[in-house]
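[1] Prediction below, plus the sequence it came from.
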Amino acid sequence: MSHHSTNPISEEHPAHPLSALGWNTRVETAFDAVAHNAPHVLLPARVSEARRGAVGVRLPGHETAALSPEVRRAAEADPFTAPTSGDWVAVRRSGDTWLVEAVLERSGTLVRQGVAKDSHDQVLAANVDAVLICEAADQGPNVGRLERFLSLAWTSGAAPVVAVTKAELAGDRLPEVVELVESVTTGVEVHTVSAHRGLGLDELSARLRPGATWVLLGTSGAGKSSLLNALAGRPVMETGAIRDDRRGRHTTTHRQLIAMPGGALFLDIPGVRRIDVPGDGSGLERAFADVNELAERCRFRDCSHGAEPGCAVRAAVDEGELDSGRLERWFRLRREAGWNRSRGDARLRAERRREWKRNTREGREAGRLKRGL
Ligand SMILES: Nc1nc2c(ncn2[C@@H]2O[C@H](COP(=O)(O)OP(=O)(O)O)[C@@H](O)[C@H]2O)c(=O)[nH]1
Ligand SMILES: [Mg+2]
Ligand SMILES: [Zn+2]
């Protein structure tokens, strides 16, 4: 073996073949736990795209993997467990196909709240470290939408960063736009960028640490693909008047886990049109940290910030410190979160009931078998 390595560090610590895809010690531990007891030889792989009944994986080469019967059954019983973009999985070779034998424990998930009454929450992406929320400078900004995106991001456990895109189109309004964005993004970094003019890209690139997995959130036309291309320094995504769904795009599957020059990864997930605030209200409260801070100073611990005396929230509105629109949106989002939570609970109860019935039926059958009936 040659010892003329140009990089002595990598010789001491040879990089894992999957490190360019975000492999780290946490994932390694999760994989070892699964592979250790497996009857087959398993390999780790990262899901770049979920399809019907199969996934596109990186091994690190591009492959398609079918779901093993166990993984498929688990996914049918609980769609939350189905392998999705960004998931780390254990695969094995079976004949001339790859099979996903297990989905490794996730560090966090970006979940879209189920909208229909009986619909399940949908995992948009797994193992996401950071979310880049794009809001176009020339169309708003829509602060209510930003608050929803921020709630979603915080709930996932990933850190949000906001990009005000197409900055040059805002002209003189730019400072006002950025100020509005900052008024609803307490504790979140805001970058002003222009993909077309190359503005703010270096600063944003510096935030993209090697091995970190990012997801872009924003409405169709917000400039997400253009920004990604500008950051990548090459066309990795199609831009412009292309429908933001699977059918309308001509990008090939291997483009769905995009490695940036600095070593960060971007997951391309289906466009999210409607953001329902998750029933788990923790992300929402984080997105409204400024309001919550005020609420701690209310005289009554259970203050509803209505007409009670000593309400610090209402006082802040009266003094012009807190925008009354933001307060109204907080009330509305909390109500929504409450509805979604109770709906989720009802769904969970129904599922438990079904499972209990199934188990007792199986139990009865097992008992009958044992007794030789
Ligand atoms: N003027 C200007 N237009 C931009 C910029 N970034 C994106 N656009 C345009 O905005 C439209 C939507 O961009 P795209 O990246 O496809 O948005 P996406 O739907 O969020 O991926 C396209 O016509 C882009 O050319 C920018 O920095 N400046
Ligand atoms: Mg796009
Ligand atoms: Zn109050």
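    Everything's here; your move. As the structure is a computational prediction, the values presented were derived from the model and not from experiment. Ligands and ions are numbered 1, 2, ... in the order given.
[2] With just CA atoms, put the longest strand along the chain into PDB.
    When the chain is parsed with DSSP state E, its longest strand is strand 43-51. Extracted as PDB, the C-alpha positions of strand 43-51 are listed here (Å, rounded to 0.1, in the frame of the first residue of the first chain):
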ATOM      1  CA  LEU A  43     -24.500  -2.700   5.200                       C
ATOM      2  CA  PRO A  44     -25.400   0.800   6.300                       C
ATOM      3  CA  ALA A  45     -27.000   3.100   3.700                       C
ATOM      4  CA  ARG A  46     -28.700   6.500   3.600                       C
ATOM      5  CA  VAL A  47     -32.100   7.000   2.000                       C
ATOM      6  CA  SER A  48     -32.100   9.700  -0.600                       C
ATOM      7  CA  GLU A  49     -35.700   9.300  -1.700                       C
ATOM      8  CA  ALA A  50     -38.700   7.400  -0.600                       C
ATOM      9  CA  ARG A  51     -40.900   5.800  -3.200                       C
END
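[3] Which positions within it qualify as buried?
    For strand 43-51, a neighbour-count test (16 or more other Cβ atoms under 10 Å) marks Leu43, Pro44, Ala45, Arg46, Val47, Ser48, Glu49, Ala50 as buried. C-beta coordinates here come from the backbone N, C-alpha and C atoms, glycine included.
[4] in its sheet, what does it sit against?
    Partners of strand 43-51 in the sheet, by DSSP bridges, are strand 54-58 (antiparallel), strand 88-94 (antiparallel).
[5] what would the ones you listed look like in JSON lines with distance to Pro39, mean pLDDT and mean neighbour count?
    Below are the strands paired with strand 43-51 laid out as JSON lines (distance: least, Cβ to Cβ, whole Å; pLDDT from 0 to 100; neighbours: other Cβ atoms under 10 Å):
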{"stretch": "strand 54-58", "distance to Pro39": "21", "mean pLDDT": "95", "mean neighbour count": "23"}
{"stretch": "strand 88-94", "distance to Pro39": "10", "mean pLDDT": "97", "mean neighbour count": "21"}
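[6] Now the closest residue to ligand 2 within the stretch 101-250 of the chain: closest residue in space, sequence neighbours ignored.
    Taking Cβ to the ion as the measure, the stretch 101-250 of the chain has Ser225 as its residue closest to ligand 2, at 3.3 Å. In space, and not counting its chain neighbours, Ser225 is closest to Met237: 3.8 Å by Cβ to Cβ, 6 or more residues apart in numbering.
[7] That neighbour in helix, strand or coil?
    Following DSSP: H, G, I helix; E, B strand; the rest coil, we place Met237 in the coil state.
[8] Helices of the stretch 101-250 of the chain, residue ranges please.
    Remark: helices assigned in the stretch 101-250 of the chain by DSSP state H, counting those that start in this stretch are 143-156, 174-183, 201-206, 224-232.
[9] Pipe those helices into a markdown table and attach mean neighbour count and distance to Ala212 per row.
    Below are those laid out as a markdown table (neighbours: other Cβ atoms under 10 Å; distance: least, Cβ to Cβ, whole Å):
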| stretch | mean neighbour count | distance to Ala212 |
| --- | --- | --- |
| helix 143-156 | 23 | 14 |
| helix 174-183 | 16 | 23 |
| helix 201-206 | 14 | 12 |
| helix 224-232 | 23 | 13 |
